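Colleague: sequence first, then the predicted structure:
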Amino acid sequence: MPIVDSFVAVCLVPLAILILLSGLDDLVLDLAMLCRWLERCFRKRRRDDLPAKGQSQSLPEKRIAVFVPLWREHQVIGRMLEHNIAAIKYGNYDFFVGAYPNDTPTKAAIREAEAEQRFANVHLALCPHDGPTSKGDCLNWIFQQMLLYEERHGGHFQIVVTHDAEDLIHPEALRWVNYYTESYDMVQVPVLPLPTSFVKFTHGVYCDEFAEFQTKDVHARSLLR
């Protein structure tokens with residue numbers, strides 16, 4: 001046993017060093033956020049420092065492609081498209097919804113939405129191979145389908161936005177993305193998870209991680225450029 005205890009004690013030192021190093025990146029973000037908070041306290045930033053809503057509405061609408069990669073999401077994708085298309089206050093956009101050939105229920109749900117006249121801006125982007133693979137792979141093939149759509153129908157998509165199958169898109173989100181792409185090459189829209197009951201512990205941890213990322217990390221990384 002003394003040998004085992006000695007071995008464990010020796011392992012604790014490099015383990016502690018690794019934990020310290022892995023936490024330094026979080027410390028940098030915490031310090032950056034603290035600096036920004038202090039700056040706002042001293043500067044007393046007012047709401048009129050922010051762009052007015054009319055500024056986003058006055059710009060011409062760039063054409064936006066919304067990418068939605070899927071794997072076995074047939075139970076939610078129809079309602080997602082129906083809700084968001086009804087809610088979004090922006091005219092010049094199309095949904096490119098990715099699916100795999102061996103995911104028949106999801107393909108059917110997308111084709112059903114695609115066939116409806118009021119969902120004329122929904123397009124099935126079928127991967128050339130069976131899934132699942134990865135979200136990145138699915139997004140790459142959605143991008144290829146978008147390029148084919150441009151060739152067949154003319155025109156050009158100036159902005160690409162990615163969303164998941166369960167996302168509720170804010171009605172003004174695409175309008176503000178259109179506004180901020182005048183000044184930035186990439187825009188991160190805040191993602192706020194819907195709260196659930198305490199018994200859903202896994203989702204609660206997910207909520208906490210998203211809340212920390214959206215309220216601290218995004219702002220700190222923007223400050224650090």
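Modeller: Right, received. Where do you want to start?

Colleague: can you name every helix or strand that the longest helix belonging to the chain contacts?
Modeller: When the chain is parsed with DSSP state H, its longest helix is helix 2-43. Here helix 2-43 touches helix 218-224, going by 3 or more CB pairs under 8 Å, 6 or more residues apart in numbering; DSSP states H and E. Quick note: C-beta positions are derived from backbone N, CA and C, even for glycine.

Colleague: how far off centre is the helix it packs on?
Modeller: Offset of helix 218-224 from its chain centre (CA atoms, centre = their mean, to the nearest Å): 17 Å.

Colleague: any idea how far the worst-scoring helix or strand of the chain on mean pLDDT is from the chain center?
Modeller: Least confident element among the helices and strands of the chain, by mean pLDDT, DSSP states H and E: helix 53-57 (a mean of 75). Centroid separation between helix 53-57 and its chain, computed with CA atoms, centre = their mean, is 23 Å.

Colleague: let me know the next secondary structure element after that helix.
Modeller: Using DSSP states H and E, the helix or strand that follows helix 53-57 in sequence is strand 64-69.

Colleague: report the buried residues of the helix or strand just after that next one.
Modeller: The first helix or strand that comes after strand 64-69 along the chain, using DSSP H and E, is helix 77-87. Residues 77-78, 80-81, 84-85 are the ones in helix 77-87 that count as buried (16 or more other CB atoms under 10 Å).
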